[in-house]
Structure formats: C-alpha cells, structure tokens
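Colleague: Can you look at this prediction? I've put the sequence above it.
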Amino acid sequence: MATEELLKLIQEDPMGYEGYLAYAKYLETINLKQAYLTYENALYFCDDETMKKTIQSKLDEIAYRNGKVEPASIVIVCYNNRPLTQQCIESIRETTPEFAREIVIVDNNSQDDSVDYLRQQKDIVLIENDYNAGFPGGCNIGIEAAKPENDIFLLNNDTIMCFNTLYTLRMGLYEKDNYGSAGCVTNNCANNQSVFKSESLDELKEFGRNNNIPNKRSEIKLMLIGFALIVKRKVLEKVGYLDERFNPGNFEDDDLSLRILMNNYQNVLVYNSFIIHLGTVSFKKVDYSSILMKNYDKLVDKYNFNEDNCFFCFTHSESNEAFYLNRIKEVEKENGKILVV
C-alpha cells in the first residue's frame, strides 16, 4: 500500500488504531524509531485486548532491535495561575498515553492555591521551590528531577495540548538522527511559528485535530521558541541545560538553539504538531521590554557578537522587529558592520 493510502486511513479515522498499525508496519523498513512511536499510538487508541497484546509484542520486538524511543518528560514551570496549570495538565492527560510521558511540575514558590492543587495530583512529579528560580532555573530543576533516560519536553503552563500534539512532535524529532530539538506550531507565537488564529478554544482544538496527523511537514530553523520545545536527552546532555544567566526568562531558547547548532544538530519546526498557546502570562506584571533588552545584551556578550563594532541579529522574531531595527540604526551611525542571520 502506498504511503498516501496509509496516511489517508489515518485521516479518515484519526482515532482508529488500524491506520496507525498499518503505517507503523510500513515505517519498520523506513525509520524504526518512528515505527515505534506509531505502534505506541496504535496501542493508545486500541480497545481490543487481544490486539493490544499483538501491538505490545511489536513494541518489544522493535525495542530489542534498538528502535525504542524513551518517553518524554514534560517539564512545566509554574508560578501562581493555578487554573492555567490545571488546564494544561488536564489537556496532557486527555491527549497523551501515560506510557509515553512523565509530567514534572516545578512550582516557583506560588502564593495562590497552586501547590495545594498540585499536591493532590498522583500522576506528577512535583518540586516545590521555596524561592522563584525563574524559567531557565526552574526548567533545569525539572530536568534534573525527570527520569534520566527520558527526552525533555519544555512546556509553558499557558498551553493546551491538542489531539496528537505529542505524537507528531516526537515523530518530527525522530525523523532524522541529527535533529536535536523540535518545536510546535501554534496560534500565538513569534518566530513564524503561528499558523492559525482564533478567539475560540473549540476552533483551535478542531484545527489541532485536523492538523496533527502523520506527514513530513517540517522546516529547519535557526532557533525555536521554548514555550513548547522537545529536546533529545542525549543532545541536551551534550550541549548543556538552559543557561541561568537568562533568568527570569527570554533568550535562553535562542542560546539553547545556538548550542544545538554548534554541536552539529538541527532544530526542526514540526508543522503537523499544533498546540494552543495563551501567551506570555508570566511576564504581564513585569517590565518585559527591560528584561528583553538585558537578556539580548547577555546573549551578545556570551558569543562576542559585538566584536569589531559588528552587530549580529541572531534570532528571527517578527515581534522583536522594531527592537532589532533600532539597534541596526545605531550601528549604521557608527559605520559598523551588520550581519543578520
């Protein structure tokens, strides 16, 4: 059966295990790790106990052939906003199988009822900070607490997982061996990662349901926004965790993306992995522009981007366009050189 016909089976019945089962069999000759992920999805949607045993046998066989993909530890840093965190956790439960993920929550000393709620959740790993470690610092604490063999999925608490978000994201990450990180598309994000906008959650969820089916729609990116970013564990251990000089947040994702590139891996944006992003809730009560400026300067200093009166624009973000244009004009006045990446 041709690839198009296999994918059509899934499109016609995206919650039916038969389409994933057929596609997984095809992938065994193409990409063993993607085959493993697709057998996992078939197992998730299957309600036939006999067939479940058959699918599990295939997973065991592929694991024996070194095709196993370890679960993803979903690391979420939260500070107050309990309803958002609860909504995010519930969306993970509704859209992902337990055997494919671990939920790690780092609470940055919330002053509302967040910790009371989180303590009642039996399926999460909870770290209760007695201080606010910021986003990079909180993520690193969560990474340390996650199972050491798991990939790391950094996820903002102001997100809502859609149907197949995690499955298609992991499929994108494991499309090639040299893919180090993979990011989602969304409704609200810079870096040209927004693909659909709506004020209706139902419309956004419906878009995700129709969008998040297997295909090879992806794009190599210079950097990926860290609101929904998965990184292979072996890559993260090689390049290092998030740089806490960028606390409380901003440009730590640029920095991580750059280090991934410097270690000969690639960052890939997965167009068939859509997630809902409500957007920058954590920074609404702080001077966001000031933090952005300071952390941009830290990035420039870290990599010596200003050597010899040069200005290097590393990130590609339409929301920061005015900021970069002003910096470029300043350099032009001094007859400086400009390199826009």
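Modeller: Everything's here; your move.
Colleague: Look at the residue nearest the centre of the chain and tell me its secondary structure.
Modeller: The residue lying closest to the centre of the chain (CA atoms, centre = their mean) is Leu229, at 2.0 Å. Classification of Leu229 using DSSP: H, G, I helix; E, B strand; the rest coil returns strand.
Colleague: I'd like the average pLDDT over stretch 194-214.
Modeller: Per-residue pLDDT values over stretch 194-214 give a mean of 96.
Colleague: try stretch 238-247
Modeller: Stretch 238-247 comes out at a mean pLDDT of 96.
Colleague: buried set for it?
Modeller: If you call a residue buried by 16 or more other CB atoms under 10 Å, then stretch 238-247 has these buried ones: Val239, Tyr241, Leu242, Asp243, Glu244, Phe246, Asn247. (Glycine included, C-beta is placed from N, CA and C.)
Colleague: Where do the helices of the protein begin and end?
Modeller: In the chain, the helices defined using DSSP state H lie at 3-12, 17-27, 32-45, 49-64, 82-95, 114-119, 134-145, 165-173, 201-211, 233-239, 252-262, 288-302, 321-333.
Colleague: List the contacts of Met161.
Modeller: Met161 makes contacts with Cys88, Ser91, Ile92, Glu94, Thr95, Thr96, Ile275, Ile276, as judged by CB atoms under 8 Å, 6 or more residues apart in numbering.
Colleague: Over to Ile10?
Modeller: By CB under 8 Å, 6+ apart, the residues touching Ile10 are Gly16, Gly19, Tyr20, Tyr23, Ile213, Pro214.
Colleague: Not counting residues beside it along the chain, what's closest to the first one?
Modeller: In space, not counting the residues next to it along the chain, Gly16 is nearest to Phe45; the distance is 6.4 Å by CB to CB, 6 or more residues apart in numbering.
Colleague: Which pLDDT value does the model give the one you found?
Modeller: 97.
Colleague: got it, and the one 3 residues further on?
Modeller: At Asp48, the model reports a pLDDT of 96.
Colleague: What is the burial count for it?
Modeller: Asp48 is flanked by 10 other residues according to other CB atoms under 10 Å.
Colleague: do you know how far it is from Glu18?
Modeller: Between Asp48 and Glu18 the computed distance is 10 Å (CB to CB, to the nearest Å).
Colleague: same deal with Tyr117?
Modeller: Following CB to CB, the distance that separates Tyr117 from Glu18 is 39 Å.
Colleague: could you flag which of the contacts of Met161 are buried?
Modeller: For the contacts of Met161, buried by 16+ other CB under 10 Å: Cys88, Ser91, Ile92, Thr95, Thr96, Ile275, Ile276.
Colleague: Looking at these, which is nearest Phe305?
Modeller: Among these, Ile275 lies closest to Phe305 (CB to CB), at 31.0 Å.
Colleague: I'd like to know how many residues surround the nearest residue to that closest one once chain neighbours are set aside.
Modeller: Excluding the flanking residues, the one nearest Ile275 by CB to CB, 6+ apart is Cys184, at 4.4 Å. Cys184 has 34 neighbours, counted by other CB under 10 Å.
Colleague: what does Asp113 give?
Modeller: Neighbours of Asp113 under the rule other CB under 10 Å: 12.
Colleague: Also Asp287?
Modeller: The number of residues packed near Asp287 is 10, by other CB under 10 Å.
Colleague: swap in Ile213?
Modeller: Using other CB under 10 Å, the number of residues around Ile213 comes to 17.
Colleague: What of Pro97?
Modeller: 15.
Colleague: Could you pull up phi and psi at it?
Modeller: Main-chain dihedrals, Pro97, degrees, to the nearest 10: phi -80, psi 150.
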